[in-house]
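mind folding the following:
(chains A and B)
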Amino acid sequence: MATTDVGLREGSSQAGQKPVVNNMSIQVATVNGSGSQSSNTVLLRSIFQMGVPVSGKNLFPSNIAGLPTWYTIRANKDGYIARKKEIDFVVAMNPETAEEDVMSVAPGAAVLYDEPLNLSRLRSDLVFYAVPYDKLVAPVCPEAKVRKLVKNMIYVGVVAKLLEIDVAEVEKAIRKQFAKKVKAANLNLAAVKAGYDYAAANLVKRDPYFIQRMDKTAGKIIIDGNSAAALGCMFAGATMVAWYPITPSSSLPESMIDYMKRFRIRADGKATFAIVQAEDELAAIGMVVGAGWAGARAMTATAGPGISLMAEFAGLAYYAEVPGVIWDIQRVGPSTGLPTRTSQGDILSTAFLSHGDTKHILLLPCSAEECFSMASEAFDLAEQFQTLVFVMSDLDLGMNNWMADPFKYPEKPISRGKVLSKADLDRLGGFARYEDVDGDGVGYRTLPGTDHPAAAYFARGSGHNEKAQYSERPDDFERNMERLNRKFETARSFVPRPEVDTGKSKIGIIGYGTSHWGLIEARDQLRQEYNIETDYLRLRAYPFTREVHDFVKQHDRVYVVEQNRDAQMLTLLKMDLEAALHTRLRSIAHIHGLPLDARSVTDELMTMEGK
Amino acid sequence: MATSTPDRPAPAPKINRIGLAVLDYRGGKTTLCAGCGHNAISERIIDAMYEMGVPPERVIKPSGIGCSSKSPAYFMGRSHSFNAVHGRMPSVATGAVLANRHLIALGVSGDGDTASIGVGQFIHLMRRNLPIIYIIEDNGVYGLTKGQFSATADMGSTLKTGVINDLPPIDTCAMAITLGATFVGRSFSGDKKQLHAMMKAAIAHNGTVMLDVVSPCVTFNDHEGSTKSYKYMKDHDEPLQEVSFVPAFEDIAIDYDPGTTIDVTMHDGSHLRLRKLEEDFDPTNRIQAITRLNEAHEKGEVLTGVFYVNSKAPTFVDLLNMTEEPLATLPESAVRPGREVLEQVMEELR
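Presented below is the predicted three-dimensional model:
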């Protein structure tokens, strides 16, 4: 048993190497459907409970069981939670990928592997630990059927011992993970202990990685972006949800069903919402448009292929001026693309979704906190501007677990926009649905069912005049389209403003969404490693606000960093900026489907800087 | 005083039980062709809504795209309308009814809008038994694009150009019954009496009403060789029953012979009376209804009447267990949980 370790034990000259504390990335390679998600979450939570900033990224196949899956946990004392390009600690559980997993890491990394895989023969510049999982799992899990699942919990124990993670924290994490299933919790705990004890008795620590207690996660929560969005929508007062299952968005409405059932059923047992699983995305958006027209706070969640299908209705909502909120949890396209990988590839197609001159408000959350807070903003903007608002999340944000500050209760009262009641109509005598009474491009609407003979209007996607009557007159059409443009211009001053850090450099960086996490780290790398200071603007919405124009003007070179091939946000910026500024924009674009890492940005930016 | 009657007050305008005149149910001037069946259907809608005393402000008129779907502009101008996108009216109607469960939805579609581009949404609307009156103004042809066959055109029927339809038609009624609609019938825009009674019964029904109304297109499909022409319908219309309707608010006991007439009590207490023209046809029997429709196809008849009624099935609104107050107008206090709820959830996530 563990003969390789005996050999290595003799050479444990690494005793003198400098310990690396709270700064590592652990990659667990398993087979999809083997229950590794629970093990990985427990490991992530244990580190989080030790007070160490942590992030977890699941790199999974479009498959239910059998294909390889990787989970990367990054612990970082400085709070960097982007994906780290370099892997420091590999847990190789998948025979199919084990050799490749080992060959791809940098020298000095540690590898924990299933003994029969005999991986230590592959390289001499890594630290290997062999664990006989099958031998360990049998005594703790008499039931052969679930051994495959429990086996994964053993590596949690081994890793806990090697990294010196407090086993009490692991137990706490397991109790949380298996909440009400006490038997399952005990079984998994036994597996952790088996791994821990094995490591204590048989493995000699030779890698430099350690987790030590800090206090940087106190009070924080762990949540995935889709659940955060679901909570946000519940507190935003969403009343109608129509959806069609599609990765990576399904967990948003599913999480919403759970929360709404708990907190939005009144004392009399009646629901203050309707959630409908539609027959396809066309029906989902159709229901949203119907409900929004009739006065509900209506929403759906989807991904790229669904966005494509929603195009026609998006144009109707734009032109008939119907509010609604659409969450696009972006994944890699075109077409089916990589359905389980992340991307920011829907920016252009969504900004102009549908035919004719159509444009939409986009919100760009980068964190779980913003998934929560932007939900309320999205609904308020949708009703204020009587239009669709798209919240452009992505798979990385939506489906991965993120550390977050506790969400802030929405302080702003719900704003329903310009809606005329029966009393208003009694006073006014009537109204013209598409008249720009206030000069902001936004007309007044009535809800179907308003008990007044003058309340009704004819909503339509065909040409219409101010009174919502059918019209093919060129002047009516032009006037209406100009007003819609005016409305969009008004929205500029109401959408979330960007986060700006400027005034220190002639080099600017513009990013948005989850790219943010790689970018803040890349800026530190540029400063620390190359002594290059950069300014930064994180976009939070389209249309762009004044600050975006100013930022480009203030910088000689502006790197627009995004996760798509065609520099989509940069293209959108060019449409908005004066031509003289176009040459200042440079694109750093990534399309590999993995969350953006800092190192890639730093390297590429340095190359483009000619250094 | 030999002259007529200058001092006599003008006769009081005729009003319905909620004090409205027929005029209050009228809409804009039609822009459809003179003689279009759709205009006759609009008239029947106006009459039925007026006679049933439906408040027009509670009615919504969603529609798809096509000649049929333009028609909501020509009736009930005091009701909100939504002329949506081609074939997708069912989803718009579903969203609207869920937003406000007290709305009375009268959806207008055509045969192309329903049986071709919209067949997917049509199917799922029928499955859900959403409270809605769904009318297909069925002329077997695309009018606005100048006369192409639709999917309800009969096999062997011809276009004006002589082109023969060689694909079988979709029977929207048989499909609706199979899928779960709870009031299904077919009528003819030219049969004023039958359509009038069926329309009133439709208003009284709680659930999905699917009415396929054959409505000849005078411009593109009223020629020899068409099976959706006025002449063809006059020759082949085969009514299953004589349909009459006694609304709940008209407290008149009209005798009927149970041997020859089927009485169906509607959701609101109204009565649908079907005088049998065929022995043994039971409109509460789904299987029989579908079989009879298939037989009609074999025989080349255009069967009309009420094919299926089930006034007890739960609707989609019932299934969703929503508050009585419309979701659309729930106050903030009802839709935004309190601070303590957020606190509780945050604690669970720590």
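
for chain A, what are the nearby residues on the stretch 251-350 of chain B?
Applying CB under 8 Å from any CB of the partner chain, we find that the stretch 251-350 of chain B lies next to chain A at B:320-324, B:326-330, B:332, B:334-337, B:339, B:341-342, B:345-346, B:349-350. Every residue, glycine included, has its C-beta placed from N, CA and C.

please indicate which of these are buried?
B:320, B:322-323, B:326-330, B:334-337, B:341-342, B:345-346, B:349 (16 or more other CB atoms under 10 Å in any protein chain shown).

on that earlier part again, just the ones of the residues of the stretch 251-350 of chain B next to chain A in helices?
B:L320, B:E332, B:A334, B:V335, B:R339, B:V341, B:L342, B:V345, B:M346, B:L349 (DSSP state H).

ok, so of those residues, who is nearest A:R175?
Using CB to CB, B:L349 comes nearest to A:R175 of those, at 14.9 Å.

for the closest residue to the closest one other than its chain neighbours, name its beta-bridge partners.
Distance criterion CB to CB, 6 or more residues apart in numbering or on different chains; nearest residue to B:L349, sequence neighbours excluded, is A:I221 at 3.8 Å. For A:I221, the beta-bridge partners under DSSP bridges are A:A404.

for the residue in the stretch 201-350 of chain B positioned nearest to chain A, give me its contacts.
When distances are taken as CB to the nearest CB, the stretch 201-350 of chain B reaches nearest to chain A at B:A328, 3.0 Å away. Contacts for B:A328 were tallied using CB atoms under 8 Å, 6 or more residues apart in numbering or on different chains; they are A:T239, A:A291, A:A294, A:G295, A:A296, A:L447, A:G449, B:A99, B:N100.

can you pull the contacts of the first one?
Meaning A:T239. A:T272, A:F273, A:A274, A:A291, A:A296, A:R297, A:A298, B:A99, B:L327, B:A328, B:L330, B:V335.

looking at those, which are in strands?
A:A274, A:A298 (DSSP state E).

which among the contacts of A:T239 gets closest to B:G112?
A:A291 (25.8 Å).

before we move on, the earlier item: I'd like the contacts of B:A328 as a markdown table, with distance to B:S69 appended.
Below are the contacts of B:A328 laid out as a markdown table (distance: CB to CB, whole Å):
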| residue | distance to B:S69 |
| --- | --- |
| A:T239 | 27 |
| A:A291 | 20 |
| A:A294 | 18 |
| A:G295 | 23 |
| A:A296 | 23 |
| A:L447 | 22 |
| A:G449 | 22 |
| B:A99 | 21 |
| B:N100 | 22 |
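
tell me which stretches of the stretch 51-200 of chain B form helices.
Assigned by DSSP state H, counting those that start in this stretch, the stretch 51-200 of chain B shows helices spanning B:67-70, B:89-99, B:111-115, B:119-128, B:172-179, B:192-204.

A:A317 is nearest to which of these?
Among the helices of the stretch 51-200 of chain B, helix B:89-99 comes nearest to A:A317, with 10.4 Å by CB to CB.

what's the angle between that closest one and helix B:119-128?
Calculated by axes from the mean of the first three to the mean of the last three CA atoms, to 10 degrees, helix B:89-99 forms an angle of 40 degrees with helix B:119-128.

and helix B:89-99, is it in reach of chain A?
Yes - residues of helix B:89-99 contacting chain A under CB under 8 Å from any CB: B:P90, B:S91, B:V92, B:A93, B:T94, B:G95, B:A96, B:V97, B:L98, B:A99.

what is the mean pLDDT for that helix?
The average pLDDT within helix B:89-99 is 98.

with just CA atoms, put that helix into CSV.
What follows is helix B:89-99, C-alpha atoms only, in CSV (Å, rounded to 0.1, in the frame of the first residue of the first chain):
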residue,chain,number,x,y,z
MET,B,89,-52.3,35.1,-29.3
PRO,B,90,-52.8,32.2,-26.9
SER,B,91,-49.7,33.1,-24.8
VAL,B,92,-50.6,36.8,-24.7
ALA,B,93,-54.1,35.9,-23.6
THR,B,94,-52.8,33.5,-21.0
GLY,B,95,-50.5,36.1,-19.5
ALA,B,96,-53.3,38.7,-19.4
VAL,B,97,-55.8,36.4,-17.8
LEU,B,98,-53.3,35.4,-15.1
ALA,B,99,-52.5,39.0,-14.5
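
now the most centrally placed residue in chain A: closest residue in space that isn't a chain neighbour?
Centroid-nearest residue in chain A, with CA atoms, centre = their mean: A:L397, separated by 1.3 Å. Leaving out its chain neighbours, the residue that sits closest to A:L397 by CB to CB, 6+ apart is A:G225, at 3.8 Å.

check the residue nearest to A:P208 when sequence neighbours are not counted and give its pLDDT.
Once flanking residues are discounted, A:P208 sits nearest to A:V20: 4.6 Å by CB to CB, 6+ apart. In this prediction, A:V20 carries a pLDDT score of 97.

name whatever forms a beta bridge with A:V20.
Assigned bridge partners for A:V20, using DSSP bridges, are A:Y209.

how many neighbours does it have?
A count of neighbours around A:V20, defined by other CB atoms under 10 Å in any protein chain shown, yields 13.

again with A:P95
Burial of A:P95 is recorded as 15 neighbouring residues (other CB under 10 Å).
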